[in-house]
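In: Need coordinates for the below:
(one chain, ligands or ions: 1)
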Amino acid sequence: MAFEGLSDKLSNAFKKLKNKGKLTESDVKEAMREVRLALLEADVNFKVAKNFTNKVTERAIGQDVMESLTPAQMVVKIVNEELTALMGGEEEKIKFASKPPTVIMMCGLQGSGKTTHTAKLAKMLKSQGRRPLLVACDIYRPAAIDQLKVVGAKAGAPVFEMGKKNPVKIAKEAIKHAKDYGNDVVILDTAGRLHIDEELMEELKNIKKEVNPDEILLVIDSMTGQDAVNVAKSFNDLLEITGVILTKLDGDTRGGAALSVKEVTGKPIKFCGTGEKLEDLEVFHPDRMASRILGMGDVLTLIEDVEAKLDEKKAEAVAKKMMENKMDFNDLLQQFEQIKKMGPIKGILGKIPGLGKQLENADIDDRQIDWCEAIIYSMTQAEREKPSLINASRKKRIAAGSGRKVEEVNRLLKQLEQMQKMMKQFTGKGKKGKRRAMMK
Ligand code: GDP
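Out: The predicted structure follows:
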């Protein structure tokens, strides 16, 4: 998958910051030098890489470090936000016409995956309840019409073709046909060439002028890296596209095109192709992509933290009890101890990919663990081992003893019960299966 090398290198750059209590300007600059090299090695456009690291440096130096984050985590957070912004920020949806049919013009070089993605898009739109019509406007490549028919049939979408007629005429007739037959989206599969040439561009411009498409989606092959970005720039200069479909991300180990397209062309990546099958099409989410790039590295840090701080033997014992479904309040108490060793909860959760951003404004109070502990400490040993003993009057006593409310005692009892129930789901699997399920 894309970004493997980049993820590793970024995580190395951040590792060096990890043990610093306070970051100096030169720490940040040194880390950003490494980030820039990593981006260049991932085939990111050099101007994009430079702008990016400049932005991060500017923000990282002189920024107040949030209380719950270490300085290194703060830098990762800024890089994450800037990576998201670099790839377009918000995801971009298809703009549908207020009056159907919506016309989507697909364009791109030969072999970029244009025909395949015409069908993928049709399949996705169909699943959303739309009725797309595919149109064969590539009249030059001998097998193009047949290929569209084959993939169209697989996607369950009708194909409109007129053989070797003028593509502008074909497009116009197709739109008429769509109106007559109730197709609310028309996807034009236009001709490609091996290289951008004037004749092709003229033809595409003519189609654009005559049918005024709602979307002009350029299909580019991510495996061609910066070439793909240059193609995008040329197409956009000549045709003014509305978005990009980045294909073959499954085979792209570097990720340079994904990171550069928006910045270089100003146009968003709307979808990405992740395989040859028709269902291998994803809406491009810049924030998820950024987490994917940074996520693994950060998860590794989390794992390292846990490994360093967790008392292995105690954890094993709890795990064993959990598997035997014998978990009681003593075990919960031990777990709380372990969690507390790892630092503030927000910091721990923030390292889970995708969660970091959502937690920014979340109010997580670490004292909750202390309160739960107080409740358990107010229980007798017998109660901790056999929670079913805890009746109404015991609950009152425990609440009074811990200075908490009875509802909180109830909540904790419920939590233990839920954990026991969850563990029950793993029983019945083989021993290995149980362990694996727990590790997830
Ligand atoms: P066109 O000439 O631009 O219409 O390109 P095609 O749609 O014919 O695709 C060219 C080749 O790329 C075909 O073999 C497709 O199966 C393959 N292809 C298209 N998209 C993807 C993708 O997202 N991932 C992978 N692995 N292969 C793809």
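In: I'd like to know how far the closest residue to the ligand within the chain sits from Ser26.
Out: Closest to the ligand within the chain is Gly273: 2.7 Å, counting by CB to the nearest ligand atom. Glycine gets a C-beta too; all of them are placed from N, C-alpha and C. Distance of Gly273 to Ser26, given as CB to CB, to the nearest Å: 42 Å.
In: Show me which of these two is the more surrounded one.
Out: Using other CB atoms under 10 Å as the criterion, Gly273 and Ser26 rank with Gly273 on top: 25 against 9.
In: Who is that one paired with across the strands?
Out: Leu281 (DSSP bridges).
In: Can you give me the pLDDT of it?
Out: The model reports Gly273 with a pLDDT of 94.
In: From what I see, it and Thr247 are in contact.
Out: Yes: using CB atoms under 8 Å, Gly273 makes contact with Thr247 at a distance of 3.7 Å.
In: okay, and the common contacts of those two?
Out: Common neighbours of Gly273 and Thr247 (criterion: CB atoms under 8 Å, 6 or more residues apart in numbering): 113, 116-117.
In: Keep those, but drop any that are not near the ligand.
Out: Counting by CB under 6 Å from any ligand atom, 113, 116 from the shared contacts of Gly273 and Thr247 sit close to the ligand.
In: Distance check, the residue nearest to the spatial centre of the chain against Glu282.
Out: The centroid of the chain falls nearest to Arg288 when counting by CA atoms, centre = their mean (2.1 Å). Separation of Arg288 from Glu282 (CB to CB) stands at 9 Å.
In: Chain neighbours aside, what residue packs nearest to Lys9?
Out: With CB to CB, 6 or more residues apart in numbering as the criterion, Lys9 has its nearest non-adjacent residue at 3.6 Å, and that residue is Ala38.
In: Run through the neighbouring helices and strands of the strand or helix carrying the one you found.
Out: Using DSSP states H and E, the element containing Ala38 is helix 25-41. Under the contact criterion of 3 or more CB pairs under 8 Å, 6 or more residues apart in numbering; DSSP states H and E, helix 25-41 touches helix 4-15, helix 46-60, helix 71-86.
In: Tabulate these (CSV), appending mean pLDDT, distance to Ile145 and mean neighbour count.
Out: Formatted as CSV, the helices and strands packed on helix 25-41 follow (pLDDT from 0 to 100; distance: least, CB to CB, whole Å; neighbours: other CB atoms under 10 Å):
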stretch, mean pLDDT, distance to Ile145, mean neighbour count
helix 4-15, 84, 38, 19
helix 46-60, 93, 39, 18
helix 71-86, 86, 39, 21
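In: between these, which one is nearest to Lys209?
Out: Minimum separation from Lys209 across those (CB to CB) falls at helix 46-60, 32.1 Å.
In: Contacts for that closest one next, please.
Out: Contacts of helix 46-60 (CB under 8 Å, 6+ apart): 23, 28-29, 32-33, 35-36, 39-40, 44, 74-75, 78-79, 82-83, 86, 259-260, 263-264.
In: Between helix 71-86 and that helix, find me the angle.
Out: Put simply, helix 46-60 runs at 140 degrees to helix 71-86, going by axes from the mean of the first three to the mean of the last three CA atoms, to 10 degrees.
In: how near is the closest residue to Glu276 other than its chain neighbours to Trp371?
Out: The shortest distance from Glu276 to any non-neighbouring residue, by CB to CB, 6+ apart, is to Thr116 (7.1 Å). According to CB to CB, Thr116 and Trp371 sit 56 Å apart.
In: Which of these two has more residues huddled nearby?
Out: Thr116 (23 against 15).
In: ranges for the helices of the stretch 251-400 of the chain?
Out: Listed in chain order, the helices of the stretch 251-400 of the chain (DSSP state H, counting those that start in this stretch) span 256-265, 286-309, 312-323, 329-341, 345-350, 356-359, 367-377, 381-385, 392-402.
In: quick one, what contacts Arg404?
Out: Listed by CB under 8 Å, 6+ apart, the contact partners of Arg404 are 371, 374-375.
In: and it, what element?
Out: Using DSSP H and E, Arg404 sits in no helix or strand.
In: For the stretch 151-300 of the chain, which segments count as strands?
Out: 159-160, 185-189, 215-221, 243-247, 269-273, 281-283 (DSSP state E, counting those that start in this stretch).
In: and the fourth one, what does it pack onto?
Out: What that stands for is strand 243-247. helix 114-127, strand 215-221, helix 256-265, strand 269-273.
In: just to revisit the earlier point, now render the helices and strands packed on helix 25-41 as CSV, adding distance to Ser98.
Out: Shown next, in CSV, are those (distance: least, CB to CB, whole Å):
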stretch, distance to Ser98
helix 4-15, 41
helix 46-60, 35
helix 71-86, 30
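In: Could you dump those helices into JSON lines and include distance to the ligand?
Out: What follows is those, written out as JSON lines (distance: least, CB to the nearest ligand atom, whole Å):
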{"stretch": "helix 4-15", "distance to the ligand": "16"}
{"stretch": "helix 46-60", "distance to the ligand": "23"}
{"stretch": "helix 71-86", "distance to the ligand": "22"}
